[in-house]
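In: sequence first, predicted model second:
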Protein chains: 2
Amino acid sequence: MKLYNYFRSSASFRVRIALALKGLAYEYVPVHLVKGEQLTADYAGLAPARLVPLLVDGEQRLSQSLAIIEYLDEVQPEPPLLPRDAAGRARVRSLALDIACEIHPLNNLRVLKYLKDQLGVSEEAKNAWYRHWVESGLEVVEARLRDEAGTGRYCHGDRPTLADCVLVPQIFNAQRFDCRLDHLPTVMRVFEQCMQHPAFVAAQPSRCPDAQG
Amino acid sequence: MKLYNYFRSSASFRVRIALALKGLAYEYVPVHLVKGEQLTADYAGLAPARLVPLLVDGEQRLSQSLAIIEYLDEVQPEPPLLPRDAAGRARVRSLALDIACEIHPLNNLRVLKYLKDQLGVSEEAKNAWYRHWVESGLEVVEARLRDEAGTGRYCHGDRPTLADCVLVPQIFNAQRFDCRLDHLPTVMRVFEQCMQHPAFVAAQPSRCPDAQG
């Protein structure tokens, strides 16, 4: 397998965690988003959305991090990244989507660029925007992890799931942009649990080949 | 089952389509987003994210439209909303996420409200923002539906899938906001195919009880 990837992209990071949890080896192909390498005709030919990550598995080109992780979980079921019961699976998926749909899309590079270039938003207002969606979005995750019976050492039970693969990269981003996190004790407890796990450690941005550039 | 829902919410519309495709009956509970009914303490007690849709099935409270549809597909497998093969499932999910993560989150009510109230963006610039994400996002979907072998009469093959449940509400929104669609012939062909299907017709906003208010 070949993973087209950018070390700071949190969607890429999600997939790296899943690959590490599954123990799957892959070739790492860096795509430098800030330099615009995703916009080249070569890359657009592979990935019409011009986004990372893209996973190439034999003949298959797979895009969208959550779809890639579900695929990995189907082709390599152990260890499972979703629980066995439908209600538990729905819970894990909805936690992942609380981040992947409600926080992350508002804060990716092209959106921040639109705010600045098209709407003339100041650096300060842009950072306030970033923090607003992270903080309000993570408050929802905190309320759920705190109140719902499914929470264990990890987001769901005592083993990492898809939800943890999505949560951890979002916390890395939040820390990088100085978002408030001290009001999120359950989220941070789960995050710290994850960062004890070798798969999460191995997948982190600073360990990526392109982080050294 | 009880569906908390708003007729114009495209995430609600996705779930209504899936319920109709499965032939599942449900109680329709309107939550008027523009009046702010999702912000009441009663509703927040049910749905910490204060978003619709929310599906209540016995003891389960299910949030996030894509997670709800996957749940429905697991508890009521016929007719299936995902193909059987892992690569096909990944394709359908990624098409759904191309809309649910790359277009819709940028254009929902609370984001448009932030642009207006916090950033002082003009009505005209707000509408340009809306159209930008719809049009550029749907161009990606067009390229995929046009070029990928999996496309059939519907987004994937000749039966409706999760991808169609997500595409159709996005086109309704695009039409409501006068987005350009004439450069998306494959998308519009699939949309028109869907709108020949009684489940999509029955689920549309104008048929909802709260559309009459």
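Out: Sure, I can see it.
In: pretty sure A:Val56 sits in a strand.
Out: Yes: per DSSP: H, G, I helix; E, B strand; the rest coil, A:Val56 lies within a strand segment.
In: contacts only, for A:Leu46.
Out: A:Tyr4, A:Leu54, A:Val56, A:Arg61 (C-beta atoms under 8 Å, 6 or more residues apart in numbering or on different chains). Where C-beta positions appear, they are placed from N, C-alpha and C, glycine not excepted.
In: which is the next helix or strand following the longest helix anywhere in chain A?
Out: Determined from DSSP state H, the single longest helix within chain A is helix A:123-147. The helix or strand immediately downstream of helix A:123-147 is helix A:162-176, counting by DSSP states H and E.
In: buried sites along the least confident helix or strand in chain A by mean pLDDT?
Out: Every helix and strand of chain A was ranked by mean pLDDT, DSSP states H and E. The lowest is helix A:41-46, at a mean of 88. Of the residues in helix A:41-46, A:Tyr43, A:Leu46 count as buried by neighbour count, 16 or more other C-beta atoms under 10 Å in any protein chain shown.
In: could you do stretch A:110-122 as well?
Out: Buried residues in stretch A:110-122 (16+ other C-beta under 10 Å): A:Val111, A:Leu112, A:Tyr114, A:Leu115, A:Leu119, A:Val121.
In: ditto for stretch A:180-187
Out: Within stretch A:180-187, the residues scored as buried using 16+ other C-beta under 10 Å are A:Leu181, A:Leu184, A:Thr186, A:Val187.
In: same question for stretch A:71-87.
Out: A:Tyr71, A:Leu72, A:Asp73, A:Gln76, A:Pro80, A:Leu81, A:Leu82, A:Pro83, A:Ala86, A:Ala87.
In: determine which two of those residues are furthest apart.
Out: Comparing all pairs in the buried residues of stretch A:71-87 by C-beta to C-beta, the longest separation belongs to A:Gln76 and A:Ala87, at 24.0 Å.
In: I'd like the distance between the residue lying farthest from the centre of chain A and chain B.
Out: Among residues of chain A, the one most distant from the C-alpha centroid is A:Gly120; the distance is 28.2 Å, by C-alpha atoms, centre = their mean. Per C-beta to the nearest C-beta, to the nearest Å, A:Gly120 is found 9 Å from chain B.
In: just to revisit the earlier point, got CSV for the buried residues of stretch A:110-122, with secondary structure too?
Out: Below are the buried residues of stretch A:110-122 laid out as CSV (three-state DSSP):
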residue, secondary structure
A:Val111, helix
A:Leu112, helix
A:Tyr114, helix
A:Leu115, helix
A:Leu119, coil
A:Val121, coil
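In: next, give phi and psi for A:Phe177.
Out: phi -100, psi 20 (degrees, to the nearest 10).
In: the spatially closest residue to it that is not a sequence neighbour: neighbouring residues, count only.
Out: Take A:Phe177 and drop its neighbours on the chain: the residue closest to it by C-beta to C-beta, 6 or more residues apart in numbering or on different chains is A:Tyr130, 5.3 Å away. A:Tyr130 has 22 neighbours, counted by other C-beta atoms under 10 Å in any protein chain shown.
In: next one: A:Ala125
Out: 16.
In: flag the shaky bits of chain A, pLDDT-wise.
Out: A:213 (pLDDT under 70).
In: from what I can see A:Leu115 touches A:Lys126, true?
Out: Yes: if you go by C-beta atoms under 8 Å, A:Leu115 and A:Lys126 touch, sitting 5.3 Å apart.
In: what touches both of these two?
Out: Common neighbours of A:Leu115 and A:Lys126, counting by C-beta under 8 Å, 6+ apart, are absent.
In: related to what we said a few turns ago, JSON lines for the buried residues of stretch A:180-187, including distance to chain B and secondary structure?
Out: Shown next, in JSON lines, are these (distance: C-beta to the nearest C-beta, whole Å; DSSP: H, G, I helix; E, B strand; the rest coil):
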{"residue": "A:Leu181", "distance to chain B": "18", "secondary structure": "coil"}
{"residue": "A:Leu184", "distance to chain B": "13", "secondary structure": "coil"}
{"residue": "A:Thr186", "distance to chain B": "12", "secondary structure": "helix"}
{"residue": "A:Val187", "distance to chain B": "13", "secondary structure": "helix"}
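In: could those residues go into a markdown table alongside distance to A:Pro209?
Out: Below are these laid out as a markdown table (distance: C-beta to C-beta, whole Å):
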| residue | distance to A:Pro209 |
| --- | --- |
| A:Leu181 | 28 |
| A:Leu184 | 32 |
| A:Thr186 | 34 |
| A:Val187 | 29 |
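In: what's the closest of those to B:Asp158?
Out: For these, the minimum distance to B:Asp158 (C-beta to C-beta) is 43.6 Å, reached by A:Val187.
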